[in-house]
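[1] Mind looking at a prediction? Sequence and model below.
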Amino acid sequence: MLLIAAALLAACGDESSSSAPASDPSEESSSSIEMTNESSSSTTVKNSSSSVGGDKSSSSVKKDNSSSSAVKSSSSVSPKSSSSEEVKQSSSSVVASSSSVTSSETVKSSSSEYVPYNHYADLGSTVVSKSEYKQFTDTRNGRSYYYLTINGKDKDGNSASVTVMAENLNIGAMVDGKKEQDDDSKIERYCYDNDTTNCDKYGGLYQWAEMMNLPSECNTKSCANQIKPNHQGICPKGWRLLTYDDFYIVVHADGNRHGAEDVRATSFGGYNYSGYSLLGGGYNWNHEFDELNDGTYWLYPAESNKYPDEGAYAGSTTRSLTTASRQAVYKTYGFSVRCVMVE
């Protein structure tokens, strides 16, 4: 198990210098400050027992986002072992709509009477009215998302706002959690416990290159020159990937008083004063699912400063923490994705 510093950074900053790379990119440290009135604590997540392997020699460029194709990871999380388990891929289709918009896609369920999850129930708080949310439909799969504009402060203390989805992204064909997301011809996702009903509620889990809509080899080599401002990745047209700076505004939303608890839905141990409505979607860590309803982890469109080949930045919070963290993790781990409206 690996202890990760549970503090929200005031600036991205460089990681601390070291003469030798850590065995896991998530062991990198950064200067950090804690949220006002927050106690120091840490969150525990699984640690890979080996480092990420070498680069692939070739890749295929992903199709345009509008055609619903995306990058897939080609690396194995455990490079010291050449084993690549053959797990039968699910043929289930993308999750159905979670709101009033009807999707043409289906949700895999043991029950023929499965009702799509009602995300509206997780929205709002004593500070944010449900009337502040709007809806957007992703034409690629007919799924609709609630979103809102959050006003707050940026890292310089200036007034700032961000229009962001109040649900995690859910797009792509499900692949088994034991496999890589390495089909560069389409978008792939993990669903917790290989159950698409979990994708319906919590959103999909994506490897970094997958989220970025880059060739799968970008999970094992630096693709910094392909990261663009307002990077769209697998977000719908007109939306881009959430950055650390965006999330800083969310945590420092006007009216927030409880740090990271104000970005979590009440059903996930929070106050949701920001309206961001995080749920405990868990993660796929080294091809194992864990922490459903207890933790949530999301990727940023930024590579690790110290280990850009195999590492990228991610944020996290858990049900019991008053803080959120930013740390470097393996690009091949499956985390949630949030999208921001391009304005």
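    On my side now, so go ahead. The model shown is predicted, which means the values in this text are computed figures rather than measured ones.
[2] Give me the helix or strand of the protein that scores worst on average pLDDT.
    Of all helical and strand segments in the chain, the minimum by mean pLDDT, DSSP states H and E falls on strand 2-5, at a mean of 32.
[3] Number of residues surrounding Ala173?
    19 (other Cβ atoms under 10 Å). Glycine gets a C-beta too; all of them are placed from N, C-alpha and C.
[4] Identify the bridge partners of it.
    Glu188 (DSSP bridges).
[5] thought it was touching Glu188?
    Yes - counting by Cβ atoms under 8 Å, Ala173 does reach Glu188; the two are 5.6 Å apart.
[6] Mind listing what's buried along the longest strand belonging to the chain?
    As assigned by DSSP state E, the longest strand anywhere in the chain is strand 143-153. By neighbour count with 16 or more other Cβ atoms under 10 Å, strand 143-153 contains the buried residues Arg143, Ser144, Tyr145, Tyr146, Tyr147, Leu148, Ile150, Gly152, Lys153.
[7] Let's have those residues in a markdown table, adding distance to Leu321.
    Formatted as a markdown table, the buried residues of strand 143-153 follow (distance: Cβ to Cβ, whole Å):
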| residue | distance to Leu321 |
| --- | --- |
| Arg143 | 29 |
| Ser144 | 30 |
| Tyr145 | 26 |
| Tyr146 | 24 |
| Tyr147 | 25 |
| Leu148 | 23 |
| Ile150 | 20 |
| Gly152 | 20 |
| Lys153 | 21 |
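[8] which ones are touching Ile150?
    Ser161, Val162, Thr163, Val164, Ile249, Val250, Ala253, Ser274, Gly275, Tyr276 (Cβ atoms under 8 Å, 6 or more residues apart in numbering).
[9] Could you say which helix or strand holds the fourth one?
    When you say that, I think you mean Val164. Using DSSP states H and E, Val164 sits in strand 159-165.
[10] Residues contacting that strand, please?
    So strand 159-165 is contacted by 136, 145-154, 239, 242, 246, 249-250, 276, 338-341, 343 (Cβ under 8 Å, 6+ apart).
[11] quick one, it and strand 143-153 angle?
    Counting by axes from the mean of the first three to the mean of the last three Cα atoms, to 10 degrees, strand 159-165 lies at 170 degrees to strand 143-153.
[12] Now the terminal residues of stretch 296-316, how far apart.
    With Cα to Cα, to the nearest Å as the measure, stretch 296-316 spans 6 Å from end to end.
[13] List the buried residues in that stretch.
    Within stretch 296-316, judged by 16+ other Cβ under 10 Å, the buried ones are 296-316.
[14] circling back to that earlier point, which of the buried residues of strand 143-153 sits closest to Ser131?
    Nearest to Ser131 among those is Leu148, at 10.0 Å by Cβ to Cβ.
[15] quick check: mean pLDDT across stretch 128-144?
    For stretch 128-144, the mean per-residue pLDDT is 96.
[16] repeat for stretch 227-234
    Mean predicted confidence for stretch 227-234 is 97.
[17] Now do the buried residues in that stretch.
    For stretch 227-234, burial by neighbour count (16+ other Cβ under 10 Å) applies to Ile227, His231, Gln232, Gly233, Ile234.
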